[in-house]
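[1] Model the structure of this input:
(one chain, ligands or ions: 2)
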Amino acid sequence: MFDVTAVKLGIAPIGWTNDDLPELGGENTFEQCISEMSLAGFSGTEVGNKYPRDIPTLKKALHLRNLEIASAWFSAFLTTKPFEETEKAYIAHRDFLYKMGAKVIVVSEQGRSIQGNISTPLFAEKPIFTDGEWAKLADGLNRLGELAKEKDMKLVYHHHMGTGVQTTEEIDCLMEMTDPNLVYLLYDTGHLYFSGEDPLEVLEKHFPRIKHVHLKDVRSEIAREVIQDRLSFLTGVKKGVFTVPGDGAINFEPVFQVLEKSGYKGWMIVEAEQDPAQANPFEYALKARNFIKEAAGV
Ligand SMILES: O=C1C[C@@H](O)[C@H](O)[C@@H](O)C1=O
Ligand SMILES: [Co+2]
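    Ligands and ions are numbered 1, 2, ... in the order given. Next up is the predicted model:
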């Protein structure tokens, strides 16, 4: 059994409104989104671009619905821009999250990333970092991890499709090159499966570094189409490559077993970006919540 005092369940707003594809769910309001998250039985959320940035306003809206902020995404440009540029934006982001009570900061390197390019084929053109870029990335992340530590927080690195840290090998390299006391890992089941990795292998190998989890499932027939037709990441999302856990091809049973056996502590965030006009976000939030109750017992 999961330690229910140590594991918290949240859901990301990306199923309601997609910050990467503003045409998906533009009509859904912040209040609808957080009310439905709460009604579906979640206790936390990440931050979307419709969320108010004024701390008292955001805290009040969440408090009314018994929700907490688990974290929020941060785009780093350590390989392509001067460190100070990323550092300045990161400190503002860290301080916002700190004031909201979050304990982890989600960071993803976006230098040469193609994840936001609607017409760039995902697999053929993802960046492959040079030795120099790896060194800049590792050094920069250690420094950002130090800044997280100042506030008793942790930097959790988000491996991601279309970026320089996507595959198992790239994740291994990043973990090897960074300080285990400063840089931790965000484990996202959907990105691993879509990339053709074995999510269980990554979980078992890097468990001690994993401090945040994104639960995402994959519709494998759409993943295949993206590969065969050389489509982009965002085209795949629009076509419905991702869905909530339990609704796609990933076998979550062993994933939950390993997390549970190893005594995982922290957030598990359902994150399923798909078109809300095709997949009603409240219906899918309930579907996810019921599946996790059944499969993980929490
Ligand atoms: O954690 C995430 C944040 C999103 O903006 C991103 O594109 C998505 O795929 C993801 O995993
Ligand atoms: Co994610």
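
[2] switch to C-alpha atoms for all contacts and neighbour counts from now on
    Noted.

[3] Need the three-state assignment for residue 193.
    In terms of secondary structure, residue 193 is helix; the call rests on DSSP: H, G, I helix; E, B strand; the rest coil.

[4] Okay, it and residue 2: tell me how far apart.
    When distance is defined by C-alpha to C-alpha, to the nearest Å, residue 193 is 24 Å away from residue 2.

[5] what's in contact with stretch 182-195?
    By C-alpha atoms under 8 Å, 6 or more residues apart in numbering, the surrounding residues in contact with stretch 182-195 are 106, 141-142, 145-146, 149, 154-161, 166-168, 175, 198-199, 203, 206, 209-218, 220, 223, 242, 250.

[6] For PyMOL, write the selection for the buried entries among the residues you listed.
    Selecting in PyMOL just the buried members of those, where the criterion is 16 or more other C-alpha atoms under 10 Å, is done with this command:
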select buried, resi 106+141+142+145+146+149+154+155+156+157+158+159+160+161+166+167+168+175+199+203+206+209+210+211+212+213+214+215+216+217+218+220+223+242+250
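
[7] Restricted to helices, list the contacts of stretch 182-195.
    Within the contacts of stretch 182-195, membership in helices is found for 141, 142, 145, 146, 149, 168, 175, 199, 203, 206, 220, 223, as judged by DSSP state H.

[8] Which one of these is nearest to residue 127?
    Relative to residue 127, the closest of those is residue 168; by C-alpha to C-alpha it sits at 14.7 Å.

[9] list the contacts for that closest one?
    Under the contact definition (C-alpha under 8 Å, 6+ apart), the residues listed for residue 168 are 192, 197, 202.

[10] what does residue 137 give?
    When the contact criterion is C-alpha under 8 Å, 6+ apart, the partners of residue 137 are 78, 79, 109.

[11] Sticking with it, tell me its helix or strand.
    Take DSSP states H and E as the rule and residue 137 turns out to sit in helix 131-150.

[12] buried stuff in that helix?
    Counting neighbours by 16+ other C-alpha under 10 Å, helix 131-150 gives 133-149 as buried.

[13] so how far is it from its chain's centroid?
    19 Å (C-alpha atoms, centre = their mean, to the nearest Å).

[14] was I right about residue 269 contacting residue 245?
    No: at 10.4 Å, residue 269 and residue 245 do not qualify as touching, with contact defined as C-alpha atoms under 8 Å.

[15] measure stretch 160-174 end to end?
    Calculated as C-alpha to C-alpha, the first-to-last residue distance of stretch 160-174 is 13 Å.

[16] pLDDT of that stretch, averaged?
    For stretch 160-174, the mean pLDDT works out to 98.

[17] swap in stretch 63-74?
    On average, the pLDDT along stretch 63-74 is 98.

[18] cool, and stretch 236-255?
    Confidence over stretch 236-255, taken as the mean pLDDT, stands at 98.

[19] try stretch 258-268
    When pLDDT is averaged over stretch 258-268, the result is 97.

[20] now stretch 183-194
    Throughout stretch 183-194, pLDDT has a mean value of 98.

[21] Just the CA trace of that stretch, in CSV.
    Listed next in CSV are the C-alpha coordinates belonging to stretch 183-194 (Å, rounded to 0.1, in the frame of the first residue of the first chain):
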residue,chain,number,x,y,z
VAL,A,183,19.4,17.8,-9.4
TYR,A,184,16.5,15.3,-9.2
LEU,A,185,14.3,13.7,-11.9
LEU,A,186,10.6,14.1,-12.9
TYR,A,187,9.4,10.8,-14.1
ASP,A,188,6.8,11.2,-16.9
THR,A,189,5.4,7.8,-18.1
GLY,A,190,3.9,9.2,-21.3
HIS,A,191,7.0,10.9,-22.6
LEU,A,192,9.1,7.7,-22.0
TYR,A,193,6.6,5.4,-23.7
PHE,A,194,6.1,7.7,-26.7
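
[22] Next, the buried residues of it.
    183, 184, 185, 186, 187, 188, 189, 190, 191, 192, 193, 194.

[23] And for stretch 239-253?
    Of the residues in stretch 239-253, those buried under the neighbour-count criterion (16+ other C-alpha under 10 Å) are 239, 240, 241, 242, 243, 244, 245, 246, 247, 248, 250, 252.

[24] Can you pull out the low-pLDDT segments for the stretch 1-150 of the chain?
    For the stretch 1-150 of the chain, not a single residue meets the criterion pLDDT under 70.

[25] Kindly recompute the last result at 90.
    Applying pLDDT under 90 to the predicted model, the residue ranges of the stretch 1-150 of the chain that meet it are 1-4, 123-124.
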